[in-house]
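Trainee: Predicted model and sequence follow; I will ask about them next.
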Amino acid sequence: MDDNNPENIGIDKPKLYESLNNITPEKDLVTSEDESRSSAEEELQWRENIEEPQLEFDETGLELAAAAELAKEEAENQSMFRTGAITPDGLIDEDFEDELGSPCEEVVNDTSKESEFQDISRYSIVQVAGDDNYGRKVIVFSACRLPPCKDLDHQRLLDYLKHTLDQYVESDYTLVYFHHGLTSKNKPSLRWLLQAYKEFSRKYKKNLKAFYVVHPTNFIKVLWNIFKPVISAKFGKKVMYVNYLHELQKDLHFDQLSVPNRVREYDALHLAKNKPKVPSLTANFYRQSSTLQFGASLKFIKEHHNNEVIPPVMEETIAYIRKTGMHTEGIFRRSANATTLKAVQTKFNQGEQVDFDQMGDVHVAAVSLKTFLRELEEPLITFDLYDAVIKIQSLDSEERVHEIKRLLYDELPEDNFLVLKYLIRFLNEVSTHSDVNKMTASNIAIVFGPNLVWSKNQVSLSALGHINLFTNILIEQYIHIFEDEYVGSEDDEMGGKY
């Protein structure tokens, strides 16, 4: 008798799925963002008293049954894990060599898709939150924003997730999953999770560099045991559990994250109850230094660097990339070594010389440039222009260039304009080598758009598409926008002054 056969260990597979789908990950909660503090306190008290879910079978049997079910599905669908090899500890050691050798694909920013998924996007379940500290795009999934299962088509949610990730998977990226708020009413079924794992092929996994699970519960442990037989060793190493929001700060720009109020409220109560040591959010060793660049304003940098408009960080990183990285495939899409990147930022902030030649990695310079732009006190294209940038999408194609030109010349501060022109001229030059580096204007726009324009409030995915379109036009139409003469408003006596 085969003891690994679920039929022989007395597990009814249909009942298995029914039991799993009845596991309540958290107490049933309302999903309103305006949940009262008392409700959160009650939930925290409930969490402290919760025990492991009492299943009708032990976890060993659960794993065997899940593995057997997956094996059966794999036999029916030979495309699943085609090149994987099972290791002694039961993990799949994926072979990425073929994938890593493939060229970057053109990423088309299709804003028409956003309206197609409006029924899903309106919940703000998935958000893009700029870049992390290593230059990787950050994508946030908030479980508390999942509506009740009866109100959501989970297949469309999966399609929407794939559509969102398709815009970024050719670059290094990070996932943040806020688990708090997943309830028996809104949790997806196990079958859906298995289907999702299969449909997220290697193209989605190879450039995922970190997967943060925030506020994990016993339910996560159960899921991990179920999926362990089919999760790759490399993927497993990318998963990090985070108990408190402040733990994200060392790797992410926390102020840019789209953290639901409900998650913040729970975290505050969890902190108050357990009292862990929390690092200061305001302490900045370099804040008093006149050589500060990362995290400063353009005005501050100019005043403390011989009144030069172009910040030294931009001059040095662009010069190095222009010299060594114009033919580097996927330039601006790859992340950099974290230790090296922090050392570079420290040197710039202390006014020390940075020798990129000695480091020998052009991606360090590329990520430093993106990080500098994202950490400006105010975006290069200022907060005041955010709404106007979003509205560009609604104009006819022939009107867009004219309106962008008017916007930049008439409303953008002069120093911002000059710095933007300096940057876009360089990015346009990068795009002319796209036959080698695979970085077309569209691909560059996806990388740089969120680092040039952002709102004081949360940015939706549809707005991000508009920002990328705006940036794409800047790059493609550089000559028309920045070099051709411009005659401004009547009170501007210096038409074409820049």
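Mentor: Sure thing, it's come through. Numbers count the residues shown, from 1 in each chain.
Trainee: isn't there a helix covering Lys198?
Mentor: Yes: assessed by DSSP: H, G, I helix; E, B strand; the rest coil, Lys198 belongs to a helix.
Trainee: what's the distance between it and His253?
Mentor: Distance from Lys198 to His253, counting by CB to CB, to the nearest Å: 33 Å. Yep, even glycine has a C-beta here, placed from its N, CA and C like the rest.
Trainee: repeat for Lys299
Mentor: 21 Å.
Trainee: quick one, which of these two is more surrounded?
Mentor: Neighbours per residue (other CB atoms under 10 Å) separate Lys299 from His253, with His253 holding more: 17 against 13.
Trainee: My guess is that one contacts Arg136. True?
Mentor: No: His253 is beyond contact range of Arg136, at 11.2 Å (criterion: CB atoms under 8 Å).
Trainee: Tell me how far stretch 158-173 lies from the chain's centre.
Mentor: How far stretch 158-173 lies from its chain's middle: 10 Å, per CA atoms, centre = their mean, to the nearest Å.
Trainee: do the same with stretch 253-267
Mentor: 15 Å.
Trainee: What of stretch 422-439?
Mentor: Its chain's C-alpha centre and that of stretch 422-439 lie 23 Å apart, by CA atoms, centre = their mean.
Trainee: Using PDB, list the CA coordinates for that stretch.
Mentor: Extracted as PDB, the C-alpha positions of stretch 422-439 are listed here (Å, rounded to 0.1, in the frame of the first residue of the first chain):
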ATOM      1  CA  TYR A 422      19.200  67.800 -18.800                       C
ATOM      2  CA  LEU A 423      17.700  64.500 -17.700                       C
ATOM      3  CA  ILE A 424      15.300  64.000 -20.600                       C
ATOM      4  CA  ARG A 425      18.000  64.800 -23.200                       C
ATOM      5  CA  PHE A 426      20.000  61.900 -21.600                       C
ATOM      6  CA  LEU A 427      17.100  59.500 -21.500                       C
ATOM      7  CA  ASN A 428      16.300  60.300 -25.200                       C
ATOM      8  CA  GLU A 429      19.900  59.400 -26.000                       C
ATOM      9  CA  VAL A 430      19.500  56.100 -24.100                       C
ATOM     10  CA  SER A 431      16.400  55.300 -26.100                       C
ATOM     11  CA  THR A 432      18.300  55.700 -29.400                       C
ATOM     12  CA  HIS A 433      20.300  52.600 -28.400                       C
ATOM     13  CA  SER A 434      17.200  50.500 -27.700                       C
ATOM     14  CA  ASP A 435      18.200  48.000 -30.400                       C
ATOM     15  CA  VAL A 436      21.000  47.000 -28.100                       C
ATOM     16  CA  ASN A 437      19.900  48.000 -24.500                       C
ATOM     17  CA  LYS A 438      16.200  47.200 -25.100                       C
ATOM     18  CA  MET A 439      15.300  50.400 -23.400                       C
END
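Trainee: separation between His246 and Leu271?
Mentor: Taken as CB to CB, the span from His246 to Leu271 is 8 Å.
Trainee: whoops, I mixed them up, Leu423
Mentor: Taking CB to CB, one finds Leu423 at 40 Å from Leu271.
Trainee: the more surrounded of these two?
Mentor: Leu423 (21 against 15).
Trainee: pretty sure the more buried one is in a helix, no?
Mentor: Yes: the assignment for Leu423 is a helix, going by three-state DSSP.
Trainee: The closest residue in space to His253 that isn't next to it in sequence: neighbouring residues, count only.
Mentor: Nearest non-adjacent residue to His253, counting by CB to CB, 6 or more residues apart in numbering: Gly130, 6.2 Å away. If you count neighbours by other CB under 10 Å, Gly130 ends up with 19.
Trainee: Repeat that for the one 4 residues further on.
Mentor: Counted by other CB under 10 Å, the residues lying close to Tyr134 total 22.
Trainee: again, but for Glu399
Mentor: The tally of other residues near Glu399 (other CB under 10 Å) stands at 11.
Trainee: From the contact counts, what lies against the helix or strand hosting it?
Mentor: With secondary structure defined by DSSP states H and E, Glu399 is part of helix 397-411. Other helices and strands packing on helix 397-411, by 3 or more CB pairs under 8 Å, 6 or more residues apart in numbering; DSSP states H and E, are helix 386-391, helix 414-431, helix 461-476.
Trainee: Pick the most buried one from the ones you listed.
Mentor: Neighbour counts (mean count of other CB atoms under 10 Å) averaged over each of these peak at helix 461-476, with a mean of 23.
Trainee: got the angle between it and helix 397-411?
Mentor: 80 degrees (axes from the mean of the first three to the mean of the last three CA atoms, to 10 degrees).
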